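J.: Build me a structure from this.
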Amino acid sequence: MKKFLIQSFLLINILFLFNFCSFRYHTGLKKNGNNYPDENIIFSKDFEKVLFKTSIEAYGKYFSGLMFIKQMKADSSFRVVFLSEVGLKIFDFEFALNHKFDKNGKFKIHYCLEYLNKKVLINALQKDIELILMNNIDDYKFKKYKGEEYIVYKGKYKGTKNYYFIENDNITKIKRSGYLFKKVEIDLNNYKNSFPEKISIKHKNIKLKIELTVISVSKKI
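T.: Numbers count the residues shown, from 1 in each chain. Okay, the predicted model is just below:
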């Protein structure tokens, strides 16, 4: 009985802390409609391709090289390819704007290095890139909160909550949380021509960290 009471007390405290942390996102903010941040999409309609200097640290193993993201002309899907510094392919993913792939919905693996080809890492990489591409934004129900210095879009879908923080019309931070805990935090800095030159992705519950620095970016004329 005593053990049950202790466990119940700990659970109540965890839930309280989670609700408190969630509430902090809205402190000083006023609800301002149910729109989603389509006007702030990083990979907007005029985006064509971008090349990043990239580093990925996953469970103590380090990968560095180049990540290439291109929007395909045929169906507007995104191809994301990560190559090592000597030109070896590390992964090759495809992200669709609709449920193009019968079994996998909007995501397809064309290739992935064996070390990274584990469910927990594949899922994390998929969700991280989707957060930035915002290709699945129509699946989420968004609420908009407005403060004096920034705007927050809170999107909810199947127990996952995404928070997009907007400052000076640019997305400067993205956070994703599950039912109880924060999962990932993304910082986007040094905007130039409406595109961030530095993207940093840090996970809270798994050992995964990604750093992206723009080498070149092209937009449709």
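
J.: From now on I want contacts and neighbour counts done on CA atoms only, so please keep to that.
T.: Noted.

J.: Let me see the contact set for the nearest residue to Lys144 once chain neighbours are set aside.
T.: Leaving out its chain neighbours, the residue that sits closest to Lys144 by CA to CA, 6 or more residues apart in numbering is Tyr153, at 4.6 Å. Each residue near Tyr153 by CA atoms under 8 Å, 6 or more residues apart in numbering is listed here: Tyr36, Pro37, Phe142, Lys143, Lys144, Tyr145, Asn162, Tyr163, Tyr164, Phe165.

J.: could you dump those to TSV with neighbour count?
T.: TSV is the format used below for those (neighbours: other CA atoms under 10 Å):
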residue	neighbour count
Tyr36	20
Pro37	22
Phe142	22
Lys143	18
Lys144	20
Tyr145	22
Asn162	23
Tyr163	21
Tyr164	23
Phe165	21
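
J.: Poorly predicted segments of the protein, please.
T.: 1-39, 98-105, 179-181, 221 (pLDDT under 70).

J.: From the centroid of it, which residue is nearest?
T.: What sits nearest the mean C-alpha location of the chain, by CA atoms, centre = their mean, is Leu131, with 2.7 Å.

J.: Contacts only, for it.
T.: Ile174.

J.: Secondary structure of it: a strand, I assume?
T.: No - counting by DSSP: H, G, I helix; E, B strand; the rest coil, Leu131 falls outside a strand, being helix.

J.: And the helices in the protein?
T.: 2-24, 119-133 (DSSP state H).

J.: hang on, the earlier thing: among the contacts of Tyr153, name the ones in strands.
T.: Secondary structure from DSSP state E places Phe142, Lys143, Lys144, Tyr145, Asn162, Tyr163, Tyr164, Phe165 of these in strands.

J.: I'd like those as CSV, with distance to Lys209 appended.
T.: Below are the ones in strands among the contacts of Tyr153 laid out as CSV (distance: CA to CA, whole Å):
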residue, distance to Lys209
Phe142, 27
Lys143, 28
Lys144, 29
Tyr145, 29
Asn162, 18
Tyr163, 19
Tyr164, 19
Phe165, 20
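
J.: of all those residues, which comes closest to Ile90?
T.: Asn162 (27.4 Å; CA to CA).

J.: give me every residue that touches the closest one.
T.: Tyr153, Lys154, Gly155, Lys156, Ile174, Lys175, Arg176, Ser177 are the contacts of Asn162 under CA under 8 Å, 6+ apart.
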